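Q: Predicted model, plus sequence, below.
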Amino acid sequence: MRSRNPVFSRRGFSRDNGHAGFNAAPQAGGPAVATQGNPYAQGTQGNPYAQPAGDPYAQNPYAQNPYAQQDLQQGAPPQAPATTGRMTMDDVVIRTASTLGVLVVTAALAWALLPVDDANIGRSIGIGIGAAVVGMVLALVQSFKRKPTPALILTYAAFEGVFLGVISSVVDNRIADGAAMQAVIGTMAVFAGVLIAYKAGWIRVNRRFYGFVMAAALGFVFLMMVNLLFAVFGGGDGLGFRSGTLGVVFGIVGIILGACFLAMDFKQVEDGLAYGAPREEAWFAAFGLTLTLVWLYLEFLRLIAILNSND
């Protein structure tokens, strides 16, 4: 179920097959195991998407557990890996906190050391854009790697923090006083709300959800790129997707997409815990959550800036 697009790839803790999936017995209390083989083969003739009787969510929507160990000589069925070395929730929390901690520290330093007054704003914005480009390249490199590289992820967070510090300072000091704190509060509120909704079962992340979100996200980014090209070569606000009433609408859509990304991140962490992903996969969880939180923060910051510029 994982997209190969490096920007929209939501890590499903899969490495060796085309779908992010698992079929080994989960840990105690984990979700039920799916039918072997084709994830759509439910044993029902006719409609390939037909669900068997009972709870349609009682089956794991994925195909195979890439971490299941198989004894080829004995012909033993796949077994879950040993308990030692498995990813735990503590691993995810610690690595996510470390990544976000680096991002926040560098953002604070950029805010303090790169002034945005009339005499220095050009240099500061130039440094911020340069840091954003480096961060994007590092994120793409990590997205294409089959295994997480902690140093690469933390370096990405450092450069991304510089960019966020500069852009936040510009918006906060020159457009909307207090915008950065409002964006932080908005991001935290969405994170908490999606987490509660996901744990309560109000959000179901399945293949249909994934496909819809990926299609919407690709369309969203395509429109933003077209708008940027028109702004660069035609001047002004391009097609107006990031200003005025239309900008507000697109800002809200961006926040909704970020909330959907969070739900997908939670699902992939849950699957990794249930099906015994290696401990190093916690870095992928931290990387994905950081990308999503940065997306949300920027969308909130942009929306606040648009609303204040319209006053």
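A: Perfect, thanks for sending it. Numbering: from 1, shown residues only.

Q: all strands for the chain, in order.
A: Using DSSP state E, no strands are found in the chain.

Q: Name the residues of the helix or strand of it with the lowest mean pLDDT that are buried.
A: Scoring the helices and strands of the chain by mean pLDDT, DSSP states H and E places helix 207-234 at the bottom, with a mean of 88. Within helix 207-234, the residues that count as buried by 16 or more other C-beta atoms under 10 Å are 209-210, 213-214, 217, 220, 224, 227, 230-231. C-beta here means a position set from N, CA and C on the backbone, and glycine is covered the same way.

Q: can you check stretch 246-255 too?
A: Result for stretch 246-255 [16+ other C-beta under 10 Å]: buried residues 247-248, 250-251, 253-255.

Q: still on that earlier bit, to the chain's geometric centre, what's the distance from the least confident helix or strand of the chain?
A: 16 Å (C-alpha atoms, centre = their mean, to the nearest Å).

Q: on that earlier part again, quick one: the buried residues of stretch 246-255 as CSV, columns for pLDDT and distance to residue 98 too.
A: Listed next are these as CSV, based on pLDDT from 0 to 100; distance: C-beta to C-beta, whole Å:
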residue, pLDDT, distance to residue 98
247, 85, 35
248, 91, 35
250, 90, 33
251, 91, 30
253, 94, 31
254, 94, 27
255, 96, 26
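
Q: and these, which of them are in helices?
A: 247-248, 250-251, 253-255 (DSSP state H).

Q: Find the pair from those residues with maximum spatial separation.
A: The most widely separated members of these, counting by C-beta to C-beta, are 247 and 255 (12.8 Å).

Q: what residues are shared contacts of these two?
A: Residues touching both residue 247 and residue 255 by C-beta atoms under 8 Å, 6 or more residues apart in numbering: residue 303.

Q: how many neighbours does residue 104 have?
A: Residue 104 has 15 neighbours, counted by other C-beta atoms under 10 Å.

Q: How about residue 296?
A: 25.

Q: hang on, it packs against residue 185?
A: No - at 11.4 Å, residue 296 does not count as touching residue 185 under the criterion of C-beta atoms under 8 Å.

Q: now could you export just the CA positions of stretch 230-245 as CSV?
A: Written as CSV, here are the backbone C-alpha positions of stretch 230-245 (Å, rounded to 0.1, in the frame of the first residue of the first chain):
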residue,chain,number,x,y,z
PHE,A,230,2.7,31.2,-12.7
ALA,A,231,3.9,33.4,-9.8
VAL,A,232,7.5,33.1,-10.8
PHE,A,233,7.1,33.7,-14.5
GLY,A,234,4.0,35.8,-14.5
GLY,A,235,4.4,37.8,-11.3
GLY,A,236,1.9,38.5,-8.6
ASP,A,237,0.1,35.7,-6.8
GLY,A,238,0.1,33.3,-9.7
LEU,A,239,-3.3,31.8,-10.1
GLY,A,240,-4.4,33.0,-6.6
PHE,A,241,-4.4,29.6,-4.9
ARG,A,242,-2.4,31.1,-2.0
SER,A,243,-4.1,34.4,-1.5
GLY,A,244,-7.5,35.8,-0.8
THR,A,245,-10.5,33.6,-0.3
